[in-house]
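> structure of the sequence below:
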Amino acid sequence: MREGLQALAAVLKAAEHTDGIFTVDDAARKGLHSSSIGRLVSDGILERVAPGHVRGSHLRWTLSARQRQALVYAGSDSVLAARSALHWQRVGPRPETIELLIPRGRRQQRPAVRVIQSTDIVATDVTTHLGLATSTPTRALIDAARFLSPLALGQAVSECMSVGLVDLDKLDLRFREIARRGRPGVRRVRACLATFGTDPLATDFERDLERIIERGGFITPVRQYRVKVGTNVYFLDHCWPEQKKWSECDSMLAHGSAEALRQDLERQNRIIAATGFEPMRFTYFDVHQRPDYVSEILRKHLPRRVVGEI
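Modelled structure (predicted):
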């Protein structure tokens, strides 16, 4: 009995830096085995907080503990996101629900937890703050835009900049890298960045393609042309509705995984089926290293502007 109490004390001591939450496997390595844990749970000394995770029932449920519990449920590669990540870094109010960022495709449904699924989480989007895995302020602002009013988003960006958490140029760059059409909050971030003097309405990639279109004398496209397919809304990089043509600027980042490629092909097929528009797709290499090839493709699909036409 005494050895069991000593093992319990050692486990609880070791779990102090994790809000008292520990795994059954960690406890076993310290001499507190699953049968003993079962009895302690029955006696109300311990409580199960997630599959394979236990906590002392005498401990207070702080915000840190609640957030850690949510991360444990969501999996090892989940992080605090959006408003939760900003609040954890002392920016903005605490949201009513815990917001997490997890890889797309993983099922996660828990009360008081809001999940953002994404295929474009990279190492530079993630950090650790006060012992919890969290998205960086830059990524958190982009993800929080879907929940914040334009005024609140502007205030959050200003606050992050004032305390040195965010560099505006890096925020603009990361936003343009992941600002896919139809992504929640994209327009709000664009409008917000515009108020800070940036020009995020088109990526450098897209603007360089527009220069080729202009130099070639082709008719001017509609930028970010809106297409509604069922319940989905898509935005085409450049579109010529009368000619039923459209172009996309394809980056490796946007198609850096099999899942991202699958989603993009599905998107293209749905757009073609709904509109009958024919796509022209160009890579970064095409636009910057093979402009003649780009012009050749455009020439086969598009008419030239009438002389004197604006």
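> show me where the stretch 151-300 of the chain has its helices.
Counting by DSSP state H, counting those that start in this stretch, one finds helices in the stretch 151-300 of the chain at the ranges 168-178, 186-195, 204-215, 258-275, 284-289, 291-301.
> and the first one with helix 186-195, angle?
The reference is to helix 168-178. For helix 168-178 against helix 186-195, the angle by axes from the mean of the first three to the mean of the last three Cα atoms, to 10 degrees is 150 degrees.
> which strands or helices does helix 168-178 pack on?
Contacts defined by 3 or more Cβ pairs under 8 Å, 6 or more residues apart in numbering; DSSP states H and E place helix 168-178 against helix 137-144, helix 150-162, helix 186-195. Quick note: C-beta positions are derived from backbone N, CA and C, even for glycine.
> repeat that for 7 Å
helix 137-144, helix 186-195 (3 or more Cβ pairs under 7 Å, 6 or more residues apart in numbering; DSSP states H and E).
> just so I know, which of those lies nearest D26?
helix 137-144 (29.9 Å; Cβ to Cβ).
> packing partners for the closest one?
Looks like helix 137-144 contacts helix 82-88, helix 150-162, helix 168-178 (3+ Cβ pairs under 7 Å, 6+ apart).
> ok, the closest residue to H17 other than its chain neighbours - how many residues close by?
Spatial nearest neighbour of H17, excluding adjacent residues (Cβ to Cβ, 6 or more residues apart in numbering): G131 at 6.5 Å. A count of nearby residues for G131, using other Cβ atoms under 10 Å, gives 11.
> and V229, by the same measure?
Residues near V229, counting by other Cβ under 10 Å, number 14.
> would you confirm that it contacts I272?
No: the pair V229 and I272 fails to qualify as a contact (Cβ atoms under 7 Å) at a distance of 10.1 Å.
> quick one on the thing from earlier: out of the helices and strands packed on helix 137-144, which comes closest to A15?
When these are compared by Cβ to Cβ, helix 82-88 sits nearest A15, at 20.2 Å.
> distance between that closest one and the chain's centre?
Distance, stretch centre to chain centre, for helix 82-88: 13 Å (Cα atoms, centre = their mean, to the nearest Å).
> that one packs against which elements?
Partner elements for helix 82-88 (3+ Cβ pairs under 7 Å, 6+ apart): strand 98-103, strand 132-135, helix 137-144.
> contacts for that helix?
Under the contact criterion Cβ atoms under 7 Å, 6 or more residues apart in numbering, helix 82-88 has outside partners 67, 80, 92-95, 98-99, 116, 129-130, 132, 134-135, 137, 140, 143-144, 147, 156.
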